[in-house]
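*Asks:* Sequence and predicted structure below; questions after.
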There are 2 protein chains.
Amino acid sequence: MATAQKASTMVNGVAVDDLFSTIEAVRATPSIAKFQFRIRNQWETASRNRSYVAGFTGANQELSHPEPFVLEADEPAILLGKDLAANPVEYLLHALASCLTTSMVYHAAARGIHIEQVESSFEGELDLHGFLDLNPRVRKGYNGIRVHFKIRAAVPDDRLQEIVQLGTGYSPVFDSLTNGVPVSVTAERL
Amino acid sequence: MATAQKASTMVNGVAVDDLFSTIEAVRATPSIAKFQFRIRNQWETASRNRSYVAGFTGANQELSHPEPFVLEADEPAILLGKDLAANPVEYLLHALASCLTTSMVYHAAARGIHIEQVESSFEGELDLHGFLDLNPRVRKGYNGIRVHFKIRAAVPDDRLQEIVQLGTGYSPVFDSLTNGVPVSVTAERL
């Protein structure tokens, strides 16, 4: 939504004038806020498959990445894979980590809060009794995820917690994962 | 959990003898089913950050990938990024796609169902009124995700739908995303 015609004020690397222009543009034309993100996935063998991230829809336009991003997946040997790439539940942690961080950084920028450094760690607990169908009371997915942020910013302590809450308060992946998303699945013969 | 001492029967590229050995090993020693997956994330600037996927815990052992996987994240220009990598909500779709596919393939292998080819597409709908804080009734995350599978396998039509249900029925990411996961977040000064 941003067209950088002029030099924008940068906070945390974010062009905040463009961010405010985006907000005003959505206020004026609400339909431009509707985005659709897409991927295609192709199975190779066993635990190996790859996704192609080529285009998306946003601001009433069909848009595309400069070149498609290719994301590989595999499983470690202990889970019968070749360990050639991160596995799906590790990608889920990366989706959460990257989204919390970017949401925090953008919303801090909009408030004029300068952040110098952000590091974070993510741990998710899984019990294979679920996946292996050995106990129907054990869920297949993560039982819980623990996140720890380390942030360098010249702000008082209470402001530091506020920065983190900008992440959890606005992150699309945090919302999707903590509150759940309806997923509809159809299939046909290839 | 598998140690391939002998040639294993392969179905869909999966060593099914090893898969059954894993199931028996978990029955004998339930604690080996507990896994913890981990990543560390480092912010670069604006929407750019990267995750390091190095080690994990499983089968009562500390385990590590042969070398750490590095996962980049960015946002497209329209969302004020440089479009150097997939964005967090695209990674979320990849986590879901890769997990549904692997879960389907493993559980089909365990049942002796041979799959020849799997392709899938994923579409997720987001309304930026949430992220931009323009309407508190609009959620920040995906409103919904549509998945479509195309499968080649020499099975009757009802078996084709059953294959898909092995994915949705056992996938850790599908369960995490559709039912939600508790995420706890702490922070300290760096």
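*Replies:* Received the coordinates, thanks.
*Asks:* which stretches of chain A form helices?
*Replies:* A:16-28, A:88-110, A:128-131, A:157-170, A:172-179 (DSSP state H).
*Asks:* Between the ones you listed, which one is closest to residue B:43.
*Replies:* Nearest to residue B:43 among these is helix A:88-110 (5.2 Å), distances taken as CB to CB. Every residue, glycine included, has its C-beta placed from N, CA and C.
*Asks:* Count the residues that sit near residue A:124.
*Replies:* By the other CB atoms under 10 Å in any protein chain shown criterion, the neighbourhood of residue A:124 contains 26 residues.
*Asks:* ah, wrong one, I meant residue A:179
*Replies:* For residue A:179, the neighbour count with other CB under 10 Å is 12.
*Asks:* ok, and the closest non-adjacent residue to it?
*Replies:* Nearest residue to residue A:179, sequence neighbours excluded (CB to CB, 6 or more residues apart in numbering or on different chains): residue B:180, at 5.7 Å.
*Asks:* ok, the one you found - contacts?
*Replies:* Taking CB atoms under 8 Å, 6 or more residues apart in numbering or on different chains, we find residue B:180 in contact with A:177, A:178, A:179, A:180.
*Asks:* which one of the residues you listed sits closest to residue A:71?
*Replies:* Closest to residue A:71, out of all of these and judged by CB to CB, is residue A:177, at 18.0 Å.
*Asks:* In contact with that closest one, which residues?
*Replies:* A:92, A:96, A:145, B:92, B:141, B:176, B:177, B:180, B:181, B:183.
*Asks:* Provide a list of residues in contact with the third one.
*Replies:* Taking CB under 8 Å, 6+ apart as the criterion, residue A:145 is in contact with A:93, A:96, A:122, A:123, A:124, A:125, A:177, B:181, B:182, B:183, B:184.
*Asks:* where are the low-confidence patches of chain A?
*Replies:* A:1-7 (pLDDT under 70).
*Asks:* burial of the closest residue to residue A:14 other than its chain neighbours, as a residue count?
*Replies:* Leaving aside its chain neighbours, residue A:14 sits nearest to residue A:109 (3.9 Å; criterion: CB to CB, 6+ apart). Neighbourhood size, residue A:109 [other CB under 10 Å]: 23.
*Asks:* try the one 5 residues further on
*Replies:* For residue A:114, the neighbour count with other CB under 10 Å is 11.
*Asks:* Same question for residue A:12.
*Replies:* For residue A:12, using other CB under 10 Å, the count is 24.
*Asks:* From what I see, it and residue A:108 are in contact.
*Replies:* Yes: counting by CB atoms under 8 Å, residue A:12 does reach residue A:108; the two are 6.1 Å apart.
*Asks:* where do the contact lists of those two overlap?
*Replies:* Counting by CB under 8 Å, 6+ apart, the residues touching both residue A:12 and residue A:108 are A:114, A:115.
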